[in-house]
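Visitor: sequence and computational prediction follow.
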Amino acid sequence: TDVFEPSVDNEATLKLWQDRHSFEVADLLPADDDKRRRYVVSMFPYPSGDLHMGHAEVYSISDAIARFERLRGGAVVHPIGWDSFGLPAENAALRRNLDPAEWTYQNIEVQAESFKRLGISFDWRTRLHTSDPEYYRWNQWIFLRMFEKGLAYRKAAPVNWCPTDKTVLANEQVIQGKCERCGTEVIKRKLTQWFFRISDYAQRLLDDMAQLAGNWPDDVLAMQRNWIGRSVGAHIDFAVDGRAEPVRVFSTRPDTLYGATFFVVAADSPLADELCAPEQAATLADYQARTRATPELERLATDRPMTGVSLGRTARNPLTGDAVPIYASDYVLAEYGTGAVMAVPAHDQRDLNFARTLGLPVRVVVATDEPDPATTGVATSGDGRLVNSGPLDGLTVPAAKAAVIADLEARGAGTAAVTFRVRDWLISRQRYWGTPIPIIHCESCGEVPVPDDQLPVRLPTTGYELRSQDGSSPLQSATQWLKVTCPTCGAPATRDTDTMDTFVDSSWYFLRFPNPTYTDGPFDPAGVRAWLPVDEYVGGKEHATGHLFYARFMTKVLHDLGYLPFTEPFTRLTNQGQVIMNGKAMSKSLGNLVNLQDQLAQYGPDAVRITMLFASPPEEDIDWADVSPGGSTKWLNRVLRLVHDIGKPTTDGSAPEAAAGGGADTGDPAVRKQVHALIAAVTQAMEGKRINVAIARLMELTTAVKKAHDARATPDAAVREGASSLVRMLSVVAPFTAEEAWSLLGNQPSVTDAGWPSFDPTLLVEETVTCVIQVNGKVRDRIEVPTAVTEDELRDLALDAPKIRGLLAGAEVRKMIIRVPRVVNLVL
Ligand code: ANZ
Ligand code: ZN
């Protein structure tokens, strides 16, 4: 007998897709705009070697979403590019004594090949690399537009400095006081640096989260909210003896002003030097040296004895006129609030620790049921009424806050204030492999922008020293490149030698994909109109307060500059989990790396993908020690055997192909019911991005179709419909196998054009439920819908409900909130 050996020809399938341009939308830059367009983007990779398991995970997720949307008739773009500037590439190049460019572009080619072998349905026409001058030219252009608006500026600032990498690090790159890249303890250094004024956007970054709620993971939004760190309170001015200007503090507890028994300024701030009495100068200098050596995290801890030095001066409480001594300490941060605090030891733990170290008075001003802080050493923060506070006595905390602010405002000694923890974005890097800052320094004209028509300022390819000894930028050594004439006055001048943080590159790349060769601006307005904002963004949670935050900021900036019609870049966000091994993150040092190429060689791309997607919901970690790619291969082979057995339709028409449902109704009704229920279940799971659930249902469908097929001697239309549906749905997670299966069923290529199977809701076993339709929050209609109705169907059903149609006439639906299957809420 003839034994069928399942096999899949991946190369032939790749060629088929390529020849048919299967993943290229008809027009990337369409004139019309009424199609169902879907822009599915996964965070683009760093070319720091070949693809690893983590990459396979992200792109398998976004690919499943893209293929699903495509089969459902959407015009879909799933773009690809490389985040190809940056420290990892430069360090690797240093280690191997290579040119970073050579190393980078070699890796890009390797990764591109791997992506193709994985069968990721990218539209390769979108390909871009941020290290191409054609790309980074627009970083420079955007920088200059921001410079013109005062949103890019330079200032001397204490910065995080990694002594090993000899570079400045952004706050996000300092993890537990250590360099994210190499683990060295980060120190503070004062350098003149470029910043983007993200703090100007703090409130909007907070407010616009309302647009994202429900579509972004809650924990990412929470991380951003904390990062922004909005605090409400007051600015309070303390007069200082012998100084004309008062010193301002920020406090969240103006109600405790009567309990302020001393005053503290940040030891490492210029203010400390300025306020210091001459006889204390040496003591302060000594203390400052110790402060600089203390990591920030330690300085912020509340559970340590506080240290500090007296500045030999006094400040005056603006309400009582009482004199309070001024100290300098490392627990007050120079860059938060105003860099000075009124210390209320009774109600602030760090102030109390400090007071106990230096034997300073503790004055309770809010009576709570907690024990006396002066004896316990524990500050009280509970609610209560004011005491020891003159006219405020007896007030509640909120009432006292309002009263103090009113009083301060009346005296011109303070005002209500809001402070944000988020710092401006430090974008300067003393590195070679990045975008040169397009500024020229002229002795007489100062900071002069490079004229637009001289962009890009290209990186020098020769005549520079990659390894700087003193922390200066490698570009400082490019003596030829450095020398220019001032665009304003023509005098000899020098280029800025810093390069931009690569997070600048990745803060807007998704805007350029639709037309990566566009030369009239950073992105083509036609492409933006058709595709943006991103419908589905897939990437790691570790970017919550980095890339995802910067991209939101940059989108708002570009919006304000008039280049974008929207203010949020990513409508929906899916965070993928990590691929781990035996409960631990994979790493070279632990020796538990699973090599993607080995897995691909052993199991093939489909089985690797299925294994990843089936192991858990996308956002959860996958422990490779617990999964079975071999099991995935078995299932895929079972599918191939099944469709081989079912085979091509007979020529006498006894088993018509039932792709569109036509003819299938001649099949076994019980089988049909089962098939349609499973199509509905897979559809619903995919819509909710429960890809693991979709795969489980596909496995059920495989079993159901096989049972039905084995149970009868003659072909049945419902069995064929089941097999056809199975293969089409399978193609979003195992595209190579599905293509082979599709042809085994006698179909013309390609399954990528076969469409997503539809189901007949009347066949679904479940009963119906009542769905409530609300308009602007008021219940306006009730309809009966199948329990397994999908979001899209429910949307259509609701819009088509008789009473709703009447209400909609002439009105614009601004938003639809759908809770499948019971509630639809329309906002007009
Ligand atoms: C008096 C006071 C009394 C305070 C009290 C708190 C409790 P968040 O919520 O984080 O914004 N503070 C202000 N600037 C500071 C700085 N540069 N470094 C360290 N601490 C600083 O915290 C605001 C509170 O932290 C402020 O309110 C101030 O102490 C302190 F019972 O003022 B408070
Ligand atoms: Zn000049």
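Guide: Yep, it's here. Ligands and ions are numbered 1, 2, ... in the order given.

Visitor: show residues contacting stretch 789-803.
Guide: Applying Cβ atoms under 8 Å, 6 or more residues apart in numbering, the external contacts of stretch 789-803 come out as 680, 683-684, 687, 761, 771, 773, 780-781, 783, 785, 804-805, 808, 813, 816, 818, 820-821, 824, 826. C-beta here means a position set from N, CA and C on the backbone, and glycine is covered the same way.

Visitor: now a PyMOL select for only the buried ones of the residues you listed.
Guide: Listed next is the PyMOL selection for buried residues among the contacts of stretch 789-803, using 16 or more other Cβ atoms under 10 Å:
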select buried, resi 680+683+684+761+771+773+780+781+783+785+804+808+818+820+821+824+826
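
Visitor: among the contacts of stretch 789-803, name the ones in strands.
Guide: Using DSSP state E to define strands, the subset of these located there is 771, 773, 780-781, 783, 785, 816, 818, 824, 826.

Visitor: just curious, which of those is nearest to residue 410?
Guide: residue 826 (49.3 Å; Cβ to Cβ).

Visitor: need the three-state assignment for the residue nearest to residue 582 when sequence neighbours are not counted.
Guide: By the measure of Cβ to Cβ, 6 or more residues apart in numbering, the closest residue to residue 582 outside its immediate chain neighbours is residue 625, 4.7 Å from it. Secondary structure state of residue 625, per DSSP: H, G, I helix; E, B strand; the rest coil, is coil.

Visitor: what of residue 326?
Guide: Residue 326 is classified as strand under three-state DSSP.

Visitor: buried residues, whichever strand or helix holds residue 481. List them.
Guide: Assigning secondary structure by DSSP states H and E places residue 481 in helix 479-482. Applying a neighbour-count criterion of 16+ other Cβ under 10 Å, the buried positions in helix 479-482 are 481-482.

Visitor: so how far is ligand 1 from residue 756?
Guide: Distance of residue 756 to ligand 1, computed by Cβ to the nearest ligand atom, to the nearest Å: 51 Å.

Visitor: got phi/psi on that residue?
Guide: Here is the backbone geometry of residue 756 (degrees, to the nearest 10): phi -80, psi 140.

Visitor: how much space between it and ligand 2?
Guide: Counting by Cβ to the ion, to the nearest Å, the separation of residue 756 from ligand 2 is 63 Å.

Visitor: what pLDDT does that residue get?
Guide: pLDDT for residue 756: 97.

Visitor: thinking it is in contact with residue 680, fair?
Guide: No. Using Cβ atoms under 8 Å, residue 756 is not in contact with residue 680, being 11.7 Å away.

Visitor: so which strand or helix has residue 736?
Guide: Residue 736 is part of helix 735-744, with elements assigned from DSSP H and E.

Visitor: and residue 251, how many neighbours?
Guide: Using other Cβ atoms under 10 Å as the criterion, residue 251 is surrounded by 26 other residues.

Visitor: what about the residue nearest to it when sequence neighbours are not counted, distance to residue 346?
Guide: Using Cβ to Cβ, 6+ apart and skipping residues adjacent in sequence, the residue nearest residue 251 is residue 233, 5.1 Å away. Using Cβ to Cβ, to the nearest Å, one obtains 17 Å as the distance from residue 233 to residue 346.

Visitor: which helix or which strand is home to residue 104?
Guide: helix 100-118.

Visitor: dump that helix to PDB, keeping only the CA atoms.
Guide: Below are the C-alpha coordinates for helix 100-118, written out as PDB (Å, rounded to 0.1, in the frame of the first residue of the first chain):
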ATOM      1  CA  PRO A 100      30.600  49.100  13.900                       C
ATOM      2  CA  ALA A 101      29.000  49.700  10.500                       C
ATOM      3  CA  GLU A 102      30.400  46.500   9.000                       C
ATOM      4  CA  TRP A 103      29.500  44.500  12.000                       C
ATOM      5  CA  THR A 104      26.000  46.000  12.100                       C
ATOM      6  CA  TYR A 105      25.100  45.500   8.500                       C
ATOM      7  CA  GLN A 106      26.400  41.900   8.500                       C
ATOM      8  CA  ASN A 107      24.200  41.100  11.400                       C
ATOM      9  CA  ILE A 108      21.200  42.700   9.700                       C
ATOM     10  CA  GLU A 109      21.600  40.400   6.700                       C
ATOM     11  CA  VAL A 110      21.800  37.400   8.900                       C
ATOM     12  CA  GLN A 111      18.700  38.400  10.800                       C
ATOM     13  CA  ALA A 112      16.900  39.200   7.600                       C
ATOM     14  CA  GLU A 113      17.600  35.700   6.300                       C
ATOM     15  CA  SER A 114      16.400  34.200   9.600                       C
ATOM     16  CA  PHE A 115      13.200  36.200   9.400                       C
ATOM     17  CA  LYS A 116      12.500  34.900   5.900                       C
ATOM     18  CA  ARG A 117      13.200  31.300   7.000                       C
ATOM     19  CA  LEU A 118      10.800  31.800   9.900                       C
END
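
Visitor: which residues does it contact?
Guide: When contacts are defined by Cβ under 8 Å, 6+ apart, helix 100-118 is touched by residues 10, 14, 45, 47-51, 55-56, 59-60, 80, 82, 84, 89-90, 92-93, 96, 122, 129, 131, 432-433, 461, 466, 596-597, 600, 605, 608-609.

Visitor: which of these count as buried?
Guide: In the contacts of helix 100-118, burial by neighbour count holds for 10, 14, 45, 47-48, 51, 55-56, 59-60, 80, 82, 84, 89-90, 92-93, 122, 129, 131, 432-433, 466, 596, 600, 605, 608-609, counting by 16+ other Cβ under 10 Å.

Visitor: so which of the residues you listed belong to helices?
Guide: Judged by DSSP state H, the subset of the buried ones among the contacts of helix 100-118 located in helices is 10, 14, 55-56, 59-60, 89-90, 92-93, 596, 600, 605, 608-609.

Visitor: now for those residues: which two are most distant?
Guide: The most widely separated members of those, counting by Cβ to Cβ, are 10 and 90 (35.3 Å).

Visitor: okay but residue 174 is in contact with residue 160, surely?
Guide: Yes. Proximity of residue 174 to residue 160 meets the contact threshold set by Cβ under 8 Å, at 5.0 Å.

Visitor: which neighbours do those two share?
Guide: Overlap between the neighbourhoods of residue 174 and residue 160 consists of residue 186, taking contacts as Cβ under 8 Å, 6+ apart.

Visitor: and stretch 391-405, how far from the chain's centre?
Guide: In this view, stretch 391-405 has its centroid 42 Å away from the chain centroid, taken as Cα atoms, centre = their mean, to the nearest Å.

Visitor: before we move on, what about stretch 714-729?
Guide: Taking Cα atoms, centre = their mean, one finds the center of stretch 714-729 at 41 Å from the center of the full chain.

Visitor: going forward, begin numbering at 19 instead of 1
Guide: Understood, numbering begins at 19; the last thing we discussed is stretch 732-747.

Visitor: phi first, then psi, for the closest residue in space to residue 499 that isn't next to it in sequence.
Guide: In this structure, residue 499 finds its nearest non-sequential neighbour in residue 478, 3.9 Å apart by Cβ to Cβ, 6+ apart. Note on residue 478: its backbone torsions stand at phi -70, psi 140 [degrees, to the nearest 10].

Visitor: what's the pLDDT at residue 478?
Guide: Reading off the confidence values, residue 478 has pLDDT 95.

Visitor: residue 351 too?
Guide: Confidence for residue 351, expressed as pLDDT, is 90.

Visitor: the nearest residue to it once chain neighbours are set aside: what's it in contact with?
Guide: Spatial nearest neighbour of residue 351, excluding adjacent residues (Cβ to Cβ, 6+ apart): residue 284 at 5.8 Å. Residue 284 makes contact with 290, 346-348, 350-352, 357-358, according to Cβ under 8 Å, 6+ apart.

Visitor: done for today, thanks.
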